[in-house]
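Peer 1: pasting the structure only:
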């Protein structure tokens, strides 16, 4: 039996080594007892690492750059915050975005009529973005 | 107005530079027109990168290692696949895991009685893991 797990969002994932690579996948090779990898992240030898999400709050410029450079050839997903001018720009994003219906109530923010128009448009356009929230 | 967005999961995020760092945050400095960063990831100058999720399928060992090393001091979350022996081990994971009730129906997999016991136990224990799926 196999399970898919997500670890706690925490800083300082130290105390483990990996093996594998290529189409074999990346696996946890060794976990030091009493290390954050063991105690906080609950990693175990033999676990396959499917993905890592790195949060960029308080990250050094140089470290962010290296992470982005090393991950460039591979599949990535960014979470980003964008300042927008107002309704028109929101509609533009909306027209190229998926969005989570359960988390955003557009009808309270955009007039009902324009909302319908934008939703129609979004079906025909490419879906680059997933709109998570409006502040 | 600010929006939080997630980009498409895609390979080859090239054609952009970043600036900032530390508690200021990491921002997109320049996006090359016609680049994947612009056309596939829809990045824009001024966007704040909150996080990057790197998927480890088909990744070179050396690149995975570098990404893990550079991200070690920062907040990270791993998605992982674990082979488990059977019901006892599933219960152990369950006892240290959050889980998404809407995605997993435990009662169909574990006897009703033991399930209740495990759920009680999970309230008292630390929550390292989020159990996403059972295969």
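Peer 2: Arrived safely, thanks for sending. Everything quoted here is computed from the prediction, not taken from an experiment.

Peer 1: what about the strands in chain A?
Peer 2: With strands called from DSSP state E, chain A shows them at A:2-7, A:10-11, A:16-20, A:26-31, A:48-55, A:75-83, A:97-99, A:129-134.

Peer 1: now these as CSV including mean pLDDT and mean neighbour count?
Peer 2: Just so you know, the C-beta spots here come from the backbone N, C-alpha and C atoms, and that holds for glycine as well. As requested, the strands of chain A are exported to CSV (pLDDT from 0 to 100; neighbours: other C-beta atoms under 10 Å in any protein chain shown):
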stretch, mean pLDDT, mean neighbour count
strand A:2-7, 93, 20
strand A:10-11, 95, 16
strand A:16-20, 98, 18
strand A:26-31, 98, 19
strand A:48-55, 98, 22
strand A:75-83, 96, 20
strand A:97-99, 64, 19
strand A:129-134, 80, 18
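
Peer 1: who wins for proximity to residue B:44 among these?
Peer 2: Residue B:44 sits nearest to strand A:75-83 of all these, at 6.6 Å, using C-beta to C-beta.

Peer 1: quick one: contacts of the closest one?
Peer 2: A:93, A:132, B:1-11, B:13, B:28, B:41, B:43-44, B:46-55, B:57 (C-beta atoms under 8 Å, 6 or more residues apart in numbering or on different chains).

Peer 1: and the residue nearest to residue A:5 when sequence neighbours are not counted, what are its bridge partners?
Peer 2: In this structure, residue A:5 finds its nearest non-sequential neighbour in residue B:129, 4.7 Å apart by C-beta to C-beta, 6 or more residues apart in numbering or on different chains. Residue B:129 has these beta-bridge partners by DSSP bridges: residue A:7, residue B:97.

Peer 1: please apply the same query to residue A:134.
Peer 2: residue B:3.

Peer 1: isn't it up against residue B:1?
Peer 2: Yes. Counting by C-beta atoms under 8 Å, residue B:1 is a contact partner of residue A:134 at 6.7 Å.

Peer 1: anything in contact with each of those two?
Peer 2: residue A:90.

Peer 1: residue B:84 is nearest to which of the strands of chain A?
Peer 2: Comparing these by C-beta to C-beta, strand A:2-7 comes nearest, at 6.0 Å.

Peer 1: report all helices and strands that the closest one contacts.
Peer 2: strand B:75-83, helix B:87-96, strand B:129-134 (3 or more C-beta pairs under 8 Å, 6 or more residues apart in numbering or on different chains; DSSP states H and E).

Peer 1: check which residues of stretch A:56-74 are buried.
Peer 2: By neighbour count on 16 or more other C-beta atoms under 10 Å in any protein chain shown, the buried set for stretch A:56-74 is A:56, A:59, A:63-68, A:70-72, A:74.

Peer 1: how about that stretch, does it reach chain B?
Peer 2: Yes. Residues of stretch A:56-74 are located near chain B by C-beta under 8 Å from any C-beta of the partner chain, namely A:56-68, A:70-74.

Peer 1: quick check: closest non-adjacent residue to residue A:59.
Peer 2: residue B:74 (5.3 Å).

Peer 1: does that neighbour touch residue A:52 like I think?
Peer 2: No. Counting by C-beta under 8 Å, residue B:74 stays clear of residue A:52, with 10.5 Å between them.

Peer 1: which outside residues touch stretch A:28-40?
Peer 2: A:8, A:10, A:12-19, A:43-49, B:80, B:128.

Peer 1: quick one: residue A:2 from residue B:81, how far?
Peer 2: 6 Å (C-beta to C-beta, to the nearest Å).
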